[in-house]
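>>> Sequence below, structure please.
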Amino acid sequence: MEQLNPFIYDKPLSPDQLIDRREEASRLLALAEGGHNSRLSAPRRYGKTTLLRTVIADAEKAGLIAVYVDFSGVLTLADVAITIEEAYRLSLKGAVRRFVDDVLRTLRPGAAVGPPAARLEIQLQADDDLLRRLHRLLDLPARVHERQGQRVLVVFDEFQEALSAGRGMDGVIRGRIQHHGDAASYIFAGSHPGLMAELFDSRERPLFGQARAVQLGPLPDPELGDFIGRAFADSQREVGAILEPLLDLVRGHPQRAMLVAHHLWEQVPKGGEAEEESWARALTSVFRELQEAFEYAWGNLPEGQRRVLGAVASSQASLYQRDTLKRFQLTKSSARSAATALRKRGDLEATEPHGLHLVDPLFEAWIRERQA
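Numbering: from 1, shown residues only. Got it, this is the predicted structure:
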């Protein structure tokens, strides 16, 4: 039987493959058990969903009832309602699931259900009916707690996308969950760091101060290197001295580390060890796979943001130095405006003491090569 590549990079990993996130997982669980809400912000493909799955598994072991709601792709109030209902159906089992099914049936006048795999179709007559239904769905944790006597942990993943469904959505959610302190705890997770900060740190927003912040940083080299080295060894290969340039390239980025390790593993035969030649072939394969996506992302950026990314990727000097601004045809004002937008979206992050770098180290390397 052909040996399977141990490095998975195109979907979230299972909790047993979590790398060095136990401190964050323990923190999130402790907050939930103590009745506190939390927020988890991390760039895309940074291991957020794997961490959340781990927290959910830990919470269930600790006696909490956990519900995972993924708001990715929602556009309307109906999408939000459908997503929450489906999340309860997928997350719960046994007596709790049967109780929630009974409650949901009372909330679904005029609804039609297709085959089990089909998306629910909700036919409601007015926005007021839909909003009233959403209120009741948001109150489900209190209903479950009242019935079961167990605290409910609700994870809202990609929370920022729910806000696109309607103006004031964060106010709607705040209005319901503020009464759930004895019944439920919430984790608000998002991959848009700037927007997540605005939602919870701005005094003008309804959710101001409603969740403790938990940051998800890059993976430490020792733990990431140990994971990669063991995965190679367990499949009768050795990563050897190539581990160092691999770690230097990916800078602790979880998904990018798995992607590069996957391609390197493909170049090393069973019983062999990675060498400079296999590393070069792996890099060629990596950037060939990413070329189309990078071209698309680059082409859809405003010109000013492309200039800033080019400056950050290509120069060790400060973005705002005169020579850097002149080389990339930027003014200090235009550079600051573009950098702020890129940081808010999660494409750029600050480094010590006053620098910037791209969150995606492979995109940074691609841009640097393009500028050469």
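>>> for this structure, what spans make up the strands?
Ranges of strands within the chain are 38-41, 65-70, 111-112, 121-122, 152-157, 184-190, 212-215, 348-351, 355-358, based on DSSP state E.
>>> so which of those strands comes closest to Leu134?
With distances scored as C-beta to C-beta, the stretch of those nearest to Leu134 is strand 121-122 (10.8 Å). Placement of C-beta: from N, CA and C, glycine included.
>>> Thr76 is nearest to which of the strands of the chain?
strand 121-122 (10.7 Å).
>>> sorry, back to before: can I get the strands of the chain in TSV with mean neighbour count, distance to Arg205 and mean pLDDT?
Converted to TSV, those look like this (neighbours: other C-beta atoms under 10 Å; distance: least, C-beta to C-beta, whole Å; pLDDT from 0 to 100):
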stretch	mean neighbour count	distance to Arg205	mean pLDDT
strand 38-41	24	12	92
strand 65-70	22	20	96
strand 111-112	13	32	45
strand 121-122	16	28	44
strand 152-157	25	15	96
strand 184-190	27	12	95
strand 212-215	14	14	89
strand 348-351	16	23	86
strand 355-358	17	26	90
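>>> May I see these arranged in CSV, with distance to Leu259 as well?
What follows is the strands of the chain, written out as CSV (distance: least, C-beta to C-beta, whole Å):
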stretch, distance to Leu259
strand 38-41, 22
strand 65-70, 22
strand 111-112, 42
strand 121-122, 38
strand 152-157, 22
strand 184-190, 22
strand 212-215, 23
strand 348-351, 19
strand 355-358, 15
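>>> closest to Asp201 out of those strands?
Judging these by C-beta to C-beta, what sits closest to Asp201 is strand 212-215, at 8.3 Å.
>>> In its sheet, which strands sit next to the closest one, and in what direction?
Strand pairing for strand 212-215, using DSSP bridges, gives strand 38-41 (parallel).
>>> which outside residues touch the partner strand?
24, 27-28, 31-32, 48, 51-52, 159, 185-191, 193, 196-197, 200, 211-216 (C-beta atoms under 8 Å, 6 or more residues apart in numbering).
>>> in the stretch 1-150 of the chain, what spans have low per-residue confidence?
In the predicted model, the stretch 1-150 of the chain carries pLDDT under 70 at residues 1, 108-128.
>>> coming back round to it: do you know which of the strands of the chain lies nearest Leu283?
strand 355-358 (17.3 Å).
>>> tell me the domain ranges of this protein?
If you go by automatic domain parsing, the domain ranges for the chain are 21-215, 221-298, 301-371.
>>> how about CSV for these, with distance to Lys11 added?
Putting the domains of the chain into CSV (distance: least, C-beta to C-beta, whole Å) gives the following:
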stretch, distance to Lys11
domain 21-215, 9
domain 221-298, 10
domain 301-371, 18
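>>> Out of those, flag the one nearest Tyr9.
Short answer: domain 221-298, nearest of these by C-beta to C-beta, at 3.8 Å.
>>> Quick one: end-to-end distance for the closest one.
This stretch, domain 221-298, spans 29 Å end to end (C-alpha to C-alpha, to the nearest Å).
>>> how about the longest helix along the chain: buried residues?
Counting by DSSP state H, the longest helix found in the chain is helix 276-299. By 16 or more other C-beta atoms under 10 Å, the buried positions in helix 276-299 come out as Ser278, Trp279, Arg281, Ala282, Leu283, Ser285, Val286, Leu290, Phe294, Trp298.
>>> Check stretch 203-214 too.
Arg205, Pro206, Leu207, Gln210, Ala211, Arg212, Val214.
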